[in-house]
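K.L.:
the sequence and its predicted three-dimensional model are supplied below.
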Amino acid sequence: MNIPDFDDYPFEIRPLSEEDSGGFLITFPDLPGCMSDGETPEEAIREGRDAFRCWMLAHIEDGRPVPLPNSGGEPGKFVQRLPKSLHAKLAARAKQEGVSLNTLVLAFIAEGLGRRESHA
């Protein structure tokens, strides 16, 4: 079985809040739902390699298509109205972490989905 090369796929690393136990989250923009975490960025990358391999194996074994690097995966769009206070908190958090509001919200969604999947 030929698994694509980890180094060909872009990834993003973001710090997790202390409320989320700290550490760092790694996500892959081209691979929806593929993520991991670690206490340090280096550990997140090591764990990300394992998550990448598992994600790829599952897709290949199930006959699902594997997105090409830098393809952006299977993007979708939705619009959600937020209370002004929540929008302000999210915008402040994104600025504090040095990421866009969209990136922050995507990380929260991916993290929440990951938690739900691990409890299912």
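P.N.:
The structure has been received and is ready for your questions.
K.L.:
CA atoms for contacts and neighbours, from now on please.
P.N.:
OK.
K.L.:
contacts only, for the residue nearest the centre of the chain.
P.N.:
Residue closest to the average C-alpha location in the chain (C-alpha atoms, centre = their mean): residue 27, at 3.0 Å. The contact partners of residue 27, taken as C-alpha atoms under 8 Å, 6 or more residues apart in numbering, are 11, 12, 13, 33, 34, 35, 36, 48, 107.
K.L.:
could I get the phi/psi values of the first one?
P.N.:
Summarising the backbone geometry of residue 11 under the convention degrees, to the nearest 10, its torsions are phi -140, psi 160.
K.L.:
check contacts around it.
P.N.:
Residue 11 neighbours (C-alpha under 8 Å, 6+ apart): 26, 27, 28, 29.
K.L.:
measure it to residue 25 for me?
P.N.:
Residue 11 sits 10 Å away from residue 25, taking C-alpha to C-alpha, to the nearest Å as the criterion.
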